[in-house]
Each structure stands twice: as C-alpha cells, then as structure tokens.
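K.L.:
Have a look at this prediction, sequence included:
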Amino acid sequence: MSAVHSVLALGSNLGESRDTLSSAVAELADHPQVRLSAVSPVVRTRPVGGPEQPDYLNLVVAIETDLEPHALLAHCQAVEARHHRERIVRWGPRTLDVDIITYGDLHLNDEDLIIPHPRAAARAFVLQPWAWMEPDARLDSVPVAELAARAEDLPGLEVFEGE
Ligand SMILES: Nc1ncnc2c1ncn2[C@@H]1O[C@H](COP(=O)(O)OP(=O)(O)OP(=O)(O)O)[C@@H](O)[C@H]1O
Ligand SMILES: Nc1nc2c(c(=O)[nH]1)N=C(CO)CN2
C-alpha cells in the first residue's frame, strides 16, 4: 500500500510551548512509518472554548504514513504523553495537544477517532497555518483558505514565527 497523506494539528499553551512544539514535530517524524513532508508557520492564537487560559502556539504538519488511523492516533497520543499531557478540563490548558485533522480522503466516525477532525473546519488556529503550508488544500472539497477566512477565531491569530 502506498503511504497516505495526513495533516496533524499541534497546540500548546503551558510550559515552554515553542520548544514543546519543536520536539513534538521531531518525535512525530521519528517513526519508521512516518515521513514529515511539510511544517506550517507557528501562530499565536487566542484560546477557543474552555476556561480562561493563556494564548496558544499552534502549527500543523503534513506527513506521509503507512500507519493505519488508530495506530497513528496511538502514535500522536504517545507523543502527547511524553510531554506530560494531562486532561483535566475539556478544552482546558495543555502542554501539548496533537489532533489528526485528515487522513487521505478517509471519513471515519469511531467512538475514539473521528476523521476529518469534527471541529477543524471552524478553527482558524488549524486552518490558517494549514492554508499557508498547503495553499491548494481542501477539506471536504472546500478550500481550506476559504474556511480559514470565515473562521470566527481568525482575528485573534498572529504569526509567531516562520512566515
Ligand atoms: N481526529 C482526532 N484526533 C485526535 N483525537 C481524536 C480525534 N477524533 C477523536 N479523538 C478523540 O478525542 C479524545 C479527546 O481528545 P482531546 O482531549 O485531545 O480533546 P481536546 O483536544 O480537548 O478537544 P478537541 O477534540 O476539540 O480538540 C481523544 O482521546 C481521542 O480518542
Ligand atoms: N487557540 C486555541 N484554542 C484551542 C486549542 C488550540 O490548540 N488553540 N485547542 C483546543 C482543544 O483542542 C481548544 N481551544
């Protein structure tokens, strides 16, 4: 089977977020069945949902992978765990969050894994860095740049590094 193109979104708003994101990208790529193909600029974003909490740093990456979706989720969660990710409050602050946004054209709705990520289409903190990384990208056939322009959290987003 040929490798599948997948987009992952990373976020951090506790600890040394910039360093955490850099090591997380390296750790995601450090797998025999994962090849990193692109990394977006880093953006600083206002928290969407949840309690009052610090701003986030967010980025997205594109990978080519032979891992099947649940194995990829397990790999993402192992990387989160290495950064002492704890889930205390829904949408609350975290040292590291890694979400699977797309996995080829797959649509999946399992108890523990929904692809495309169900909230990605409304989140500028995912869509804008993705559109910068892959200007022709589409999510369910809608251009990602268009979705980003419509997202309510776009005004709070600024480039932190890389553009
Ligand atoms: N596409 C996906 N990527 C990552 N996790 C997913 C996905 N779909 C479902 N999940 C499930 O969501 C669970 C909760 O994830 P998590 O605690 O990271 O949510 P969250 O980051 O607080 O909120 P959100 O899902 O809105 O980003 C995970 O344990 C995982 O099983
Ligand atoms: N700005 C921003 N807001 C969020 C984020 C995030 O990564 N960035 N992640 C969330 C849960 O996944 C909830 N809210």
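P.N.:
Received it, and whenever you're ready, just let me know what you need. Only a predicted model underlies this, so the values are computations on that prediction, with no experimental measurement involved. Residues are numbered from 1 along each chain as shown. Ligands and ions are numbered 1, 2, ... in the order given.

K.L.:
which of the residues in stretch 97-104 are buried?
P.N.:
D97, V98, D99, I100, I101, T102, Y103 (16 or more other CB atoms under 10 Å). (Each C-beta comes from the backbone N, C-alpha and C, glycine too.)

K.L.:
Among the residues you listed, find me the one that's closest to L73.
P.N.:
In terms of CB to CB, no member of the buried residues of stretch 97-104 lies closer to L73 than I100, at 6.2 Å.

K.L.:
So what does that closest one have for phi and psi?
P.N.:
Here the main-chain torsion angles of I100 (degrees, to the nearest 10) amount to phi -90, psi 120.

K.L.:
taking the buried residues of stretch 97-104 one by one, which sit in strands?
P.N.:
Within those, residues falling in strands by DSSP state E are D97, V98, D99, I100, I101, T102, Y103.

K.L.:
Now the closest residue in space to the third one that isn't next to it in sequence: which helix or strand?
P.N.:
If I follow you right, that is D99. Closest residue to D99 apart from its sequence neighbours, by CB to CB, 6 or more residues apart in numbering: A9 at 4.7 Å. Taking DSSP states H and E as the definition, A9 sits inside strand 4-12.

K.L.:
OK, contacts around the residue in the chain that ligand 2 sits nearest to?
P.N.:
Closest contact between the chain and ligand 2, by CB to the nearest ligand atom, is at G11 (2.5 Å). Contacts for G11 (CB atoms under 8 Å, 6 or more residues apart in numbering) come out as T45, Y56, L57, N58, R94, L96, D97, F125.

K.L.:
Kindly state the pLDDT recorded for it?
P.N.:
Per-residue pLDDT puts G11 at 96.

K.L.:
Much appreciated, bye for now.
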